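Student: Predicted model, plus sequence, below.
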Amino acid sequence: MNIKKSIAVIALAGLLFVSCKKNTEEAPKETAKTETEAPKVKKEIAAENVQTANFSVEGMVCAVGCAKTIQEELTELDGVQTATVDFDTKLATVTFDKTVQTPESLTKVVQATGDGKTYTVSNMKS
């Protein structure tokens with residue numbers, strides 16, 4: 001019985017390891033922050049330029065490797081004030097400066113986060 005449990009645990013771990021795809025073409029990011037590194041300060045968006053986009057993201061298979069990665073990629077964009085990606089509902093909400101970003105540019109970033117075929121955006125509402 002212990003052998004079956006061990007095999008099941010190894011299989012599950014292996015599945016989780018390979019199920020979430022990341023863009024391997026970009027340079028590896030530093031994960032450790034130093035004490036001297038200042039947090040990135042977002043530029044304030046003028047009220048008349050604030051726009052919110054809501055859209056569906058298909059192709060996500062996990063909350064950490066997929067949804068969180070997409071959310072981080074969107075949040076790091078210039079002109080993006082906030083971005084949330086909910087794995088359970090497959091919905092993303094992005095508040096951005098419409099003079100800097102467009103719904104089309106947000107779509108391109110989401111699709112580029114995978115291999116260009118993994119994630120698809122639909123039902124874009126802005």
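Tutor: Cool, got the structure.
Student: Return the longest strand seen in the chain as CSV; C-alpha atoms alone will do.
Tutor: Determined from DSSP state E, the single longest strand within the chain is strand 50-58. Extracted C-alpha coordinates of strand 50-58, given in CSV (Å, rounded to 0.1, in the frame of the first residue of the first chain):
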residue,chain,number,x,y,z
VAL,A,50,-8.3,55.6,-16.2
GLN,A,51,-9.8,52.6,-18.0
THR,A,52,-10.7,49.1,-16.8
ALA,A,53,-10.7,46.0,-18.9
ASN,A,54,-12.4,42.8,-17.9
PHE,A,55,-11.7,39.7,-20.0
SER,A,56,-11.6,35.9,-19.8
VAL,A,57,-8.3,33.9,-19.9
GLU,A,58,-8.5,30.4,-21.2
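Student: Show me what the very next helix or strand once past it is packed against.
Tutor: Sequence-wise, the next helix or strand downstream of strand 50-58 (DSSP states H and E) is helix 69-75. Where contact means 3 or more C-beta pairs under 8 Å, 6 or more residues apart in numbering; DSSP states H and E, helix 69-75 is packed against strand 80-86, strand 91-97, helix 103-113. C-beta coordinates here come from the backbone N, C-alpha and C atoms, glycine included.
Student: Can you tell me which of these is most buried?
Tutor: The highest mean neighbour count among the helices and strands packed on helix 69-75, using mean count of other C-beta atoms under 10 Å, belongs to strand 91-97: a mean of 20.
Student: What pairs with that strand, parallel or antiparallel?
Tutor: Listed by DSSP bridges, the sheet partners of strand 91-97 and their directions read strand 50-58 (antiparallel), strand 80-86 (antiparallel).
Student: I'd like these as JSON lines, with mean pLDDT and distance to residue 117 appended.
Tutor: Below are the strands paired with strand 91-97 laid out as JSON lines (pLDDT from 0 to 100; distance: least, C-beta to C-beta, whole Å):
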{"stretch": "strand 50-58", "mean pLDDT": "95", "distance to residue 117": "11"}
{"stretch": "strand 80-86", "mean pLDDT": "95", "distance to residue 117": "18"}
